[in-house]
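Student: here is my input; please provide its structure:
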Amino acid sequence: MINNNFTWILLKWFEENGRDLPWRDTKDPYAIWLSEVILQQTRIQQGYAYWEKFMQRFPTVKDLADATEDEVLRYWQGLGYYSRARNLHTAAQQIVSLGHFPNTFEDIKKLKGVGDYTAAAIGSIAFNLPVAVVDGNVYRVLSRYFGIETPINSTDGKKEFSALAQSLLPTDQPSSFNQAMMDFGAIQCTPTSPHCMDCPLTERCEAFRSDRIGLLPVKIKTIKIKTRHFTYIYLRYQNMTAIHRRPAGDIWQGLWEPLLIENEEMPNIKGKFTLLKQKVKHVLTHQIIYADFYLLETQSKPELPKDFIWINESELDNYAIPRLVEILTENLNLFKGK
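Tutor: Numbers count the residues shown, from 1 in each chain. Predicted structure coming up:
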């Protein structure tokens, strides 16, 4: 009875308070999939603009599949977690090869970069598949309402919450229920300062009744933060600069950057060094980078590793670069203006 009551209240709340989003006005699995990938690790305000930009440039999955990886990365620039863009591109090519968008939970999961959550979201919204989504919002809402203290990032926790979410899912309304869970966690039952006083679930919410809102959900702390020190040297020779593509096995794979020194001595290149900015802090999920930016103006073209290319400075906008390198170029422009 409690479960049915929870589901009914949640659906009613969603009917009155659900967010009006453009990918909810379609059953096109491509548009829905694109929104789900973009919104992983991204706030909806930022993701909205990127979704529109992608849909305008790549209106069909074939358009995305036919694009170069460089172009996809360039359109993704600023969103971070660039493996998402590479996986998106690969998956688009998988779909085109298949001849149609996969329409079962297991087949959707075969797409590059698609896990249980994304497959459940696409499957339920585009194809009305009765599969519950489980993400941070769902963990938070269910752990608080039912007073569950099992850590959400433990094997037992993942199984428990997945089974509970599935038991609450109305098989005739999987799309509405899953989107209701997402929105309720994002709008009502927020991580901090949830709106308990006007919450329709407060009366039966275990966390509210036992004053444990701030203690749930429980998560085992396992992340170790790594600190790194980068020195970027922006080379300038006759209005040209040198960049190379970052290799696999590290952050920002496939993006372009100027000469990077990490845990090494400064290069012995003749020219005029100018310090643009020092100790720029850049925070990633598992890393904190402190970066120094230098401009090095030379009278002759220095010898660099073979993977570097020389381009006109005006062409730099044509290459996908990490946000930290964007900050370097912003400081370079400030220096020009002095």
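
Student: in the stretch 201-338 of the chain, which spans are helices?
Tutor: 206-209, 323-337 (DSSP state H, counting those that start in this stretch).

Student: reformat these as a markdown table; add mean neighbour count.
Tutor: All C-beta spots, glycine's among them, are computed from the backbone N, C-alpha and C. Shown next, in a markdown table, are the helices of the stretch 201-338 of the chain (neighbours: other CB atoms under 10 Å):
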| stretch | mean neighbour count |
| --- | --- |
| helix 206-209 | 17 |
| helix 323-337 | 16 |
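
Student: among the ones you listed, which gets the worst mean confidence?
Tutor: Sorting these by mean pLDDT places helix 323-337 lowest, at a mean of 88.

Student: what is that one packed up against?
Tutor: If you count contacts as 3 or more CB pairs under 8 Å, 6 or more residues apart in numbering; DSSP states H and E, helix 323-337 packs onto strand 226-236, strand 272-283, strand 287-297.

Student: so which of those gets nearest Tyr75?
Tutor: Tyr75 sits nearest to strand 272-283 of all the helices and strands packed on helix 323-337, at 21.6 Å, using CB to CB.

Student: quick one: mean pLDDT for the closest one?
Tutor: 96.

Student: residues of it that come out buried?
Tutor: 276-277, 280 (16 or more other CB atoms under 10 Å).

Student: closest one of those to Gln40?
Tutor: Val280 (26.1 Å).

Student: would you map out the domains in this protein?
Tutor: What automatic domain parsing lists as the domains of the chain is 2-215, 226-337.

Student: buried deepest among those domains, which one?
Tutor: domain 2-215 (a mean of 17; mean count of other CB atoms under 10 Å).

Student: so where does Tyr117 fall, helix or strand?
Tutor: Using DSSP states H and E, Tyr117 sits in helix 116-127.

Student: list the helices and strands that helix packs on?
Tutor: So helix 116-127, by 3+ CB pairs under 8 Å, 6+ apart, packs with helix 29-38, helix 105-109, helix 174-183.

Student: for Ile269, give its distance to Tyr234.
Tutor: 12 Å (CB to CB, to the nearest Å).

Student: mutual contacts of these two, please.
Tutor: Residues touching both Ile269 and Tyr234 (CB atoms under 8 Å, 6 or more residues apart in numbering) are Leu296.

Student: now the helix holding Tyr117 against helix 174-183, angle please.
Tutor: For helix 116-127 against helix 174-183, the angle by axes from the mean of the first three to the mean of the last three CA atoms, to 10 degrees is 130 degrees.

Student: can you tell me what sits against helix 116-127?
Tutor: 24, 27-29, 32-33, 36-37, 40, 101, 103-105, 108-109, 114, 129-135, 162, 174-175, 177-179.

Student: circling back: among the helices and strands packed on helix 323-337, which is nearest Leu215?
Tutor: Among the helices and strands packed on helix 323-337, if distance is taken as CB to CB, the winner is strand 272-283, at 25.9 Å.

Student: state the pLDDT value of Ala119.
Tutor: 98.

Student: where does the prediction get shaky in this structure?
Tutor: Across the chain, the ranges flagged by pLDDT under 70 are 1-3, 337-338.

Student: what residues are up against the most far-flung residue of it relative to its centre?
Tutor: Going by CA atoms, centre = their mean, the residue of the chain most distant from its centre is Gln299, 41.9 Å out. Taking CB under 8 Å, 6+ apart as the contact definition, Gln299 lies against 237, 270-271.

Student: only C-alpha atoms, please: export the host helix or strand of Lys159 in PDB.
Tutor: Applying DSSP H and E as the criterion places Lys159 in helix 155-168. Presented in PDB, the C-alpha positions along helix 155-168 are these (Å, rounded to 0.1, in the frame of the first residue of the first chain):
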ATOM      1  CA  THR A 155      27.100  -4.000  -4.300                       C
ATOM      2  CA  ASP A 156      24.300  -4.700  -1.900                       C
ATOM      3  CA  GLY A 157      23.100  -1.100  -2.100                       C
ATOM      4  CA  LYS A 158      22.900  -1.100  -5.900                       C
ATOM      5  CA  LYS A 159      20.900  -4.300  -5.900                       C
ATOM      6  CA  GLU A 160      18.600  -3.100  -3.100                       C
ATOM      7  CA  PHE A 161      17.800   0.200  -4.700                       C
ATOM      8  CA  SER A 162      17.400  -1.200  -8.200                       C
ATOM      9  CA  ALA A 163      14.900  -3.800  -7.000                       C
ATOM     10  CA  LEU A 164      13.000  -1.200  -5.000                       C
ATOM     11  CA  ALA A 165      12.800   1.200  -7.900                       C
ATOM     12  CA  GLN A 166      11.600  -1.600 -10.100                       C
ATOM     13  CA  SER A 167       8.900  -2.600  -7.600                       C
ATOM     14  CA  LEU A 168       7.600   0.900  -7.500                       C
END
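
Student: show me what that helix packs onto, helices and strands only.
Tutor: For helix 155-168, the packing partners by 3+ CB pairs under 8 Å, 6+ apart are helix 2-17, helix 136-146.

Student: just want the angle from that helix to helix 174-183.
Tutor: 130 degrees.
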